[in-house]
Each structure stands twice: as C-alpha cells, then as structure tokens.
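Chemist: Show me the folded form of this:
(one chain, ligands or ions: 1)
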Amino acid sequence: MLRDLHKEEQLCRQKVLVVGGVAGGASCAARARRLSEEAEIIVFDRGPHVSFANCGLPYYIGDVITKEQDLLIATPELFKNSFNIEVRVLSEVQAIDCTQSEIVVKNLKTGQVYREQYDSLVLATGSQPVRPQLPGVDLTGIFTLRTIPDSQLIKEWIAESRVKEAVVVGGGFIGLEMTENLTRRGVSVTIVEMLPHVIPTFDPEMAVQIHDKLLANGVNLCLGAPVIAFSHSSDNTKIEVMTESGKQLTCDMVILTMGVRSEATLAREAGLEIGELGGIRVNDQMQTSNERIWAVGDVIEVRDFVTGEWTLAPLAGPANRQGRIAADAIFGRSRRFRGVQTTAVCQIFDMTVASTGISEGTLKRCAERGNRIPYEKVYLYPQNHADYYPQATTIAIKLIFSTEDGRILGAQAIGGEGVEKRIDVIAMAIQMGASVYDLEEAELCYAPQVGSAKDAVNLAGMVAANILQEDAPTVHWDNISQTESIILDVRQPEEFATGHAERAINIPLDSLRQSIEDLDREREISVCCEQGKWSYYACRVLRLNGFNCHNISGGFKNYRALKQLEQQ
Ligand code: FAD
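Modeler: Next up, the predicted model:
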C-alpha cells in the first residue's frame with residue numbers, strides 16, 4: 001500500500017486541543033504525544049486539577065486515602081516535563097467556533113477570555129451529577145460528589161457539623177461507596193432509592209443479598225421511594241428529606257448520588273449531533289458529526305456491545321480506552337471502539353458486587369422497544385476456591401445467555417474474594433462473542449487456595465449448557481406458580497423443615513431412586529434443592545427414568561429472595 005507521506009507529516013504537526021483533563025482527556029493527550037513528537041498538544045480543564053482520581057473520592061471522604069496529594073495521578077508539571085504537553089487548569093472552554101476551528105477560553109484566575117485555534121479538538125468534558133429541580137435541593141448540607149473540592153466540602157461539613165446521620169439519595173455504585181465510607185466514619189446512613197432495589201444494573205433477586213449486607217452493617221434502606229423535597233427542620237439544625245409516599249427522614253447531611261448527566265453543553269451549542277440520551281453522538285473512532293472534533297468519556301453516547309442500542313456508560317475504563325482511540329484516529333490510525341459492556345465492580349463492606357453485559361431488566365426493556373433477544377438465565381452458588389481449602393466463600397452468580405446460540409449476554413456476581421476475577425473472565429468472553437460452551441471449556445488458573453479444578457466460570461457454562469442441550473431444562477419460580485407441576489424438594493428433611501415452597505413435597509435425593517415409582521409419571525415435576533445443584537442431580541435421575549422434569553434454577557435460595565422482595 002502506498003503511503004501518503006505528505007499527509008502523514010501534516011497529521012504529525014497538528015495542533016490538538018483537549019477540553020477536560022481527567023480520564024478520557026488525559027489519556028487522549030498522552031497517547032497523542034506517543035504518536036507524534038511534533039504535534040502541539042494543549043489540555044484545558046476548568047478545575048484546579050488535571051488527571052485526578054475521582055474514583056478514589058469516596059475513600060478520601062472515608063479517610064482510607066488520607067492525603068489529597070495521593071488523588072493526583074499527574075500534575076501539569078509532569079505533563080510538561082515528561083510528555084511535553086501543556087496543561088492549562090482553571091481554564092474554562094466557553095464555546096467552539098467550528099467555522100474558524102477555534103475555541104473560546106476563559107482564564108478563571110485572571111478573567112481573561114481568549115481564542116485558541118485547533119486542527120483537531122477533543123471533547124472530554126465528562127458529566128455532572130444529577131441534581132433534580134426539587135424544592136429545597138440547594139439547601140446547605142446537601143452535596144454532590146464529582147471533584148476534589150466537592151469532597152473537601154463534604155469532609156469539612158462532616159467535621160464542622162458533627163454529622164451523625166446522613167441520607168444518601170440513590171443506591172447506585174457511588175451511593176453505596178459513599179454509604180460505606182460514611183459508616184466507616186461513624187455516621188448512620190439511610191439510603192433512599194427510587195427503585196425497589198439498589199444498584200440498577202443488577203436484577204432485584206440478586207440485589208436482595210446486597211440489601212442484607214447493608215442492613216447487617218447498620219444501614220437503613222428506604223426503597224421504592226422517590227424523593228420529592230428537602231427542607232430545614234423548624235430549629236434549622238437538621239435537613240428533612242420527604243419521599244413520595246409521605247415518609248420524612250431527618251438528617252445532618254444529604255449526598256445526592258442520583259446518576260450523572262453528560263456535560264454536552266459546548267457540543268450542543270456548537271451544533272454537534274446529540275443523541276436522545278443527551279450525550280454527544282460519535283462514530284466508532286470517537287469522531288463527532290464535525291470531522292475535526294472528537295469526543296470521549298462520560299460526555300458521549302456509545303453502542304451497547306450486547307444490544308447494539310445507544311447507551312451512556314459513565315465509567316473510567318471506557319473513557320480511557322476511548323481517549324486512546326480518538327488519539328489514534330486523529331493521527332490517521334484505524335483502531336475502532338467495540339462498544340461498552342458496562343463492566344463494573346463495587347466493594348460494599350466485605351462484599352464485592354460486579355457485573356458485565358446486560359441484566360434481565362435491560363433485556364425486558366429492550367424487548368418492549370422491539371429489540372427482542374431470546375434469553376435464558378441460570379443461578380449458581382459456587383465456592384471462590386476449593387471447598388476443602390480453609391475459608392472458601394460462596395459466589396452468587398447469575399448468567400444470562402442467548403437461547404438461539406448460547407452467546408453470553410450478561411453476568412452478575414456477589415460474594416467475597418474472587419468475584420471480580422470471574423466477572424472479568426466473562427466480560428472478555430462477551431467481548432469475544434463467546435458462548436456458554438466456551439465458558440465450559442475455559443482453561444483457568446487453579447490451585448486450591450485460588451480456584452477450583454472446575455472453576456465458577458466453567459460451572460456457569462456447564463449449568464447453562466445443560467439447559468440448552470436439554471439435559472436439565474430449567475424453570476423459574478415465577479413460572480411455576482402458574483403451572484400444575486409437582487414441586488419436588490430433594491433436600492434433607494431437616495432442611496425442608498426450616499422452610500420450603502408452597503405445594504412442595506420432600507423426597508431427599510438419597511432416597512429418590514427407591515421412591516421413584518411413587519411419583520406420578522403423567523405430571524411434570526419441578527425439582528428444587530437449596531441452590532440448584534442437588535436438584536440437577538435429581539433431574540438427571542428422573543429424566544433418565546422417563547419423567548418430564550425441570551430444575552428450579554437457584555433453588556430455595558431464590559425462592560427466599562423473591563419472597564423477601566415481595567415483603568419489602
Ligand atoms: P471526567 O473525569 O469527569 O473529566 C471531565 C473534566 O472536564 C473535568 O475535570 C471537568 O472539570 C472538565 N471540564 C468540563 N467542562 C469543561 C469546560 N467547558 N472547560 C474546561 N474543562 C471542562 N468509574 C469506574 O469505572 N470505576 C469506579 O470505581 C468509579 N468510581 C467513581 C467514583 C466517583 C465519586 C465518581 C465521581 C466517578 C466514578 N467513576 C468510576 C466514574 C469515572 O470517574 C468517570 O466515568 C470518568 O472519570 C469519566 O472520564 P471523563 O474524562 O469522561 O470525564
């Protein structure tokens with residue numbers, strides 16, 4: 001292939017301006033320098049810092065990270081000295097003049113407004129925390145968290161007002177991280193969440209385990225409760241939080257963690273294409289509707305890798321990768337962004353919660369929009385490492401997969417050690433378009449203290465493959481109640497006595513073969529145990545003896561979770 005050396009030279013000498021100098025912007029600028037020594041690269045940020053660790057802020061508030069300095073991943077000096085990149089902090093970009101290829105910048109220290117010309121412009125302006133227009137939302141003592149100065153304000157308020165009780169509005173990942181860190185500081189926290197469960201990317205029956213962990217650590221939950229107003233108490237010393245159902249919570253501080261909104265004002269005013277979700281529309285090289293302008297990070301809309309739909313994925317990993325791809329595109333390389341899977345992890349007390357791909361809830365919403373992906377799900381509860389090695393802990397896994405070809409669509413996992421490792425493996429499998437049969441065959445690390453010869457990931461694939469191959473067809477509690485099947489519980493009588501499903505009969509697996517002729521061959525049998533493993537064995541016995549039976553996925557554990565949700 002003939003190379004156009006003149007064009008390459010021109011590309012190398014570009015003037016590249018980057019607006020926003022944190023995850024997406026900083027990676028874009030640094031990558032750009034590695035692709036061209038001649039380019040002039042300037043990064044603008046309206047804040048006082050560049051490249052700081054916003055993901056570390058909850059832990060700075062919780063005094064786990066004690067020095068503000070540790071949150072600064074890079075400084076303007078480091079950018080200058082190591083990468084020859086100029087960083088202008090306290091510099092707000094106020095407008096883009098696309099016809100002149102210039103931006104308008106205000107120096108927030110001096111008030112000076114000036115113009116800067118570009119050959120390529122990258123918008124990495126991130127997002128803003130949602131602060132809904134509710135009565136009283138701007139009262140003192142109500143905070144959002146995005147920047148180091150935000151976290152300083154929260155720390156000061158905790159100390160000066162001797163905060164004892166806080167309300168965290170929004171039970172997503174940042175809300176839970178704030179909850180944990182406030183609890184660590186001795187503050188009693190109530191989470192107020194509009195949905196009936198925390199972590200919207202999780203399905204409700206999985207989230208129940210997170211509720212249990214929060215309650216066990218003294219956190220109060222107020223679920224299915226949209227907030228409608230805030231006010232001061234009559235003596236002005238407290239904040240009152242009102243919910244739609246009429247509940248009133250009194251506290252010393254409120255943290256709003258109700259999600260984020262793309263910071264797309266600059267792009268909108270410059271006439272760039274904005275999507276329905278409010279983010280900048282880009283192609284798979286992060287190029288906006290203007291060929292000289294790129295955009296990365298929280299400010300853009302991206303394609304969901306699984307559903308193909310536009311989505312917002314405000315996460316540091318995608319922002320960093322997009323920054324690199326934009327730099328590559330600016331300097332003529334052809335790498336493309338594959339889409340997002342929203343792989344995320346959160347630590348709540350000693351529990352790790354992680355997910356990748358889409359949830360069942362998202363699949364249902366997609367189907368309502370006409371994007372129907374036929375799916376099945378399995379629940380399993382393997383150990384994080386060999387049972388016989390001390391301190392093995394259970395990982396609860398929900399795997400969602402296509403019934404057409406076994407392609408993996410999503411996974412959620414909750415437990416202690418090793419949760420994120422399993423989700424990371426499944427995340428990569430999703431990105432490679434792998435199926436549950438590939439998970440069965442995955443060759444993973446094993447030594448007794450770190451895994452099992454049949455790893456949790458292999459097991460998830462095996463359980464799913466059993467369903468697709470009809471070795472053990474599955475049924476879920478919400479379908480059973482509508483059928484006339486026999487519910488056969490194969491746990492030991494003592495376990496059965498501690499609680500069981502309505503209509504269930506008990507024949508322990510150990511005596512199933514002897515009692516098999518007592519079962520009605522004309523009726524369908526739904527088999528249950530504690531977690532779905534022993535019932536699978538029972539299903540095989542029954543199927544090989546000519547019975548029509550289904551394994552109840554997730555067993556009695558799931559039954560309890562569903563009942564708990566009903567009672568909430
Ligand atoms: P940002 O990092 O938000 O940077 C945007 C920058 O642009 C800001 O510094 C802003 O000042 C600047 N800017 C905006 N407009 C202008 C303008 N007009 N002129 C000049 N500058 C401008 N993600 C994870 O994956 N894992 C986590 O554990 C995690 N934890 C988080 C915890 C907290 C408390 C927060 C707030 C976020 C967390 N995130 C986490 C999300 C992650 O930090 C973001 O997805 C990521 O930082 C987005 O990068 P970005 O470059 O798009 O935007």
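
Chemist: Where does the closest residue to the ligand within the stretch 401-550 of the chain sit: helix, strand or coil?
Modeler: The stretch 401-550 of the chain approaches the ligand most closely through E420 (11.4 Å), counting by CB to the nearest ligand atom. The way it works is simple: take the backbone N, C-alpha and C, and place the C-beta from them, glycine included. For E420, the reduced secondary structure class is helix; criterion used: DSSP: H, G, I helix; E, B strand; the rest coil.

Chemist: Equivalent analysis for D510, please.
Modeler: Assigned with three-state DSSP, D510 falls in the helix class.

Chemist: what's around it, how many residues?
Modeler: When counting by other CB atoms under 10 Å, one arrives at 10 neighbours for D510.

Chemist: what's the following helix or strand after the longest helix anywhere in the chain?
Modeler: With residue count as the measure and DSSP state H as the assignment, the chain has helix 316-330 as its longest helix. Next helix or strand after helix 316-330 toward the C-terminus (DSSP states H and E): strand 344-348.

Chemist: Just give the closest residue to the residue in the stretch 151-300 of the chain positioned nearest to the ligand, not the sequence neighbours.
Modeler: Distances between the stretch 151-300 of the chain and the ligand by CB to the nearest ligand atom are smallest at G297, namely 2.0 Å. By the measure of CB to CB, 6 or more residues apart in numbering, the closest residue to G297 outside its immediate chain neighbours is G24, 3.1 Å from it.

Chemist: Surely that neighbour is in contact with M286?
Modeler: No. With contact defined as CB atoms under 8 Å, G24 does not count as touching M286 (9.1 Å).

Chemist: what do these two both touch?
Modeler: Among the neighbours of G24, those also in contact with M286 (CB atoms under 8 Å, 6 or more residues apart in numbering) are V296, Q322, A326.

Chemist: in which helix or strand would I find A32?
Modeler: A32 is located in helix 23-35, with elements delineated by DSSP H and E.

Chemist: pretty sure Q10 is in a strand, no?
Modeler: No. Read with three-state DSSP, Q10 is helix and lies in no strand.

Chemist: How about the residues of the chain by the ligand?
Modeler: Applying CB under 6 Å from any ligand atom, we find that the chain lies next to the ligand at 19-20, 22-25, 44-47, 54-55, 57-58, 92-93, 124-126, 145-146, 174, 263, 266, 297-299, 314-317, 319.

Chemist: Inside strands: which ones of those residues?
Modeler: Counted as lying in strands by DSSP state E, out of the residues of the chain next to the ligand, are V19, F44, E92, V93.

Chemist: Quick one: residues contacting the third one.
Modeler: If you count contacts by CB under 8 Å, 6+ apart, E92 has them with F44, R46, V105, K106, L108.

Chemist: try 7 Å
Modeler: For E92, the contacting residues are R46, V105, K106, L108, taking CB atoms under 7 Å, 6 or more residues apart in numbering as the criterion.

Chemist: repeat for the second one
Modeler: With contacts defined as CB under 7 Å, 6+ apart, F44 is in contact with V19, R88, S91, V93, V105.
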